[in-house]
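Peer 1: Okay, here's the prediction I keep looking at, along with the sequence it came from:
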Amino acid sequence: MKIVSIVGRKNTGKTSLSVKVIDELTKRGYNVASVKHSHHSIEMDKENTDTWKHKQAGANLVVGVGSTTFFNSRKEHDLNRILYLLKHFDNFDFVIVEGYKTYNYPKIATSSDVVDKYTIKQVDSFTITEKGVSDLVDLIEEKGHDIIDTLFKKNCGYNDGESIAQEIREGNIKTEELDDVTSYLSIDGKVIGLNRFVSDYFKQVNLGIINTLNIKDYGVEDVEKIELLIHNENKLNGDKSNSKISINQKPLEINQFVKDIISNSIKGMVNSLKTQDDIEKICVEIKGIENNELYNADILLKVNDEELNINKFTCGILKESIFAMVTSLKIDEEINEIKIDVEV
């Protein structure tokens, strides 16, 4: 998803330029969304309609569904929150944002007083020609990018999305060169950046769990997009653990960051089993994996050196999750055995 904002003073043609850009992108076959920001009150509904009455009665969010669908929220939402939610609605190629001039996305300026370091072009909306619009959309295709905190590029010398976005605006990095991030995370309304490894880790582990579920009973045939919402009442304690992984009875060398992810994931799995003991040690072994098939593989789980008896369904989830966790590490050889030891 590539994002570009069109900004400028009042009456400088922001909306007319937005319409021209959206029209050209649509003609090129792209799936386009738009976001309009205003400093004044915006009321999408009409007085005395049923949905208007719902809002007047006190509803903080009203959804109207007919030949189209609209959402009418009493709250003003942060732009990044809106952009994240758009990912849930559809696979949009471009989002054209009108306004939000204080944000750090590539900008097309319709007046000189709003030009800043994020501006990739200043245009006169009233005199721009059809060829000018086409050239402008070429530039948007080249320099538009996704939500800032989701931008990662391995070995590029930059560790944050802001720096990568600057390199894209300056033409030093193409968006096609960025890491292929397939998982997106928001916590308490804030977008959390996931690099390629963590993104793939989230994806593989959740696919592993889903693989054990009877999703066809719910009318799901092909898994194309997974949406997961978790309500959490537990405080994160930030405790450190240590883990050791062996693949086919050979130790696997991993860095501390990966160790932390593995350790916390294994602890989370065991905690979900509602064991009563204070957990100090966890050992999990999976044997008999053949051709990446786990159905006939055996799993052994020990907590504090005592074996836990777990049912077949739970065994399936643990096997799929742990195998997905390990395969996200890009192991070169075929995996037949996995052993993970965690010291809490």
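Peer 2: Right, received. Where do you want to start? Numbers count the residues shown, from 1 in each chain.
Peer 1: mind showing which ranges of the stretch 151-300 of the chain have poor pLDDT?
Peer 2: Low-confidence segments of the stretch 151-300 of the chain, defined by pLDDT under 70: 155-159, 237-240, 274-277.
Peer 1: quick one, helices of it?
Peer 2: Ranges of helices in the stretch 151-300 of the chain, per DSSP state H, counting those that start in this stretch, are 161-169, 196-210, 256-272.
Peer 1: Export those to CSV and append columns for mean neighbour count.
Peer 2: For the C-beta atoms, the positions are set from N, CA and C on the backbone; glycine is no exception. Output for those, formatted as CSV (neighbours: other C-beta atoms under 10 Å):
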stretch, mean neighbour count
helix 161-169, 19
helix 196-210, 19
helix 256-272, 17
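Peer 1: now for those helices, which one comes closest to Lys281?
Peer 2: helix 256-272 (10.4 Å; C-beta to C-beta).
Peer 1: Give me the distance from the closest one to the chain's centre.
Peer 2: Helix 256-272 sits 21 Å away from the centroid of its parent chain (C-alpha atoms, centre = their mean, to the nearest Å).
Peer 1: List of residues touching it?
Peer 2: For helix 256-272, contacts defined as C-beta atoms under 8 Å, 6 or more residues apart in numbering pick out 197-198, 201, 205, 240-243, 245, 254, 279, 282, 284, 301, 303, 318, 321-322, 325, 329, 340, 342, 344.
Peer 1: quick one, domains of the chain?
Peer 2: Domain ranges of the chain: 2-38+51-181, 234-343, per automatic domain parsing.
Peer 1: Out of those, which gets nearest to Met44?
Peer 2: Shortest distance between Met44 and the domains of the chain, using C-beta to C-beta, is found for domain 2-38+51-181: 5.6 Å.
Peer 1: Quick check: end-to-end length of the closest one?
Peer 2: Taking C-alpha to C-alpha, to the nearest Å, domain 2-38+51-181 runs 14 Å from one end to the other.
Peer 1: Equivalent analysis for stretch 206-220, please.
Peer 2: 16 Å.
Peer 1: neighbours around Leu61, how many?
Peer 2: 11 (other C-beta atoms under 10 Å).
Peer 1: So it sits against Phe70, correct?
Peer 2: No - between Leu61 and Phe70 there is no contact under C-beta atoms under 8 Å: 11.1 Å.
Peer 1: helix or strand for the closest residue to Gln204 other than its chain neighbours, which one?
Peer 2: Using C-beta to C-beta, 6 or more residues apart in numbering and skipping the chain neighbours, the partner closest in space to Gln204 is Ala324 (3.8 Å). Here Ala324 sits within helix 312-327, counting by DSSP states H and E.
Peer 1: Which elements pack onto that helix?
Peer 2: Packing partners of helix 312-327 (3 or more C-beta pairs under 8 Å, 6 or more residues apart in numbering; DSSP states H and E): helix 196-210, helix 256-272, strand 281-287, strand 298-303, strand 337-343.
Peer 1: Dump these to CSV, plus distance to Leu136.
Peer 2: Conversion of those to CSV gives the following (distance: least, C-beta to C-beta, whole Å):
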stretch, distance to Leu136
helix 196-210, 32
helix 256-272, 42
strand 281-287, 55
strand 298-303, 57
strand 337-343, 53
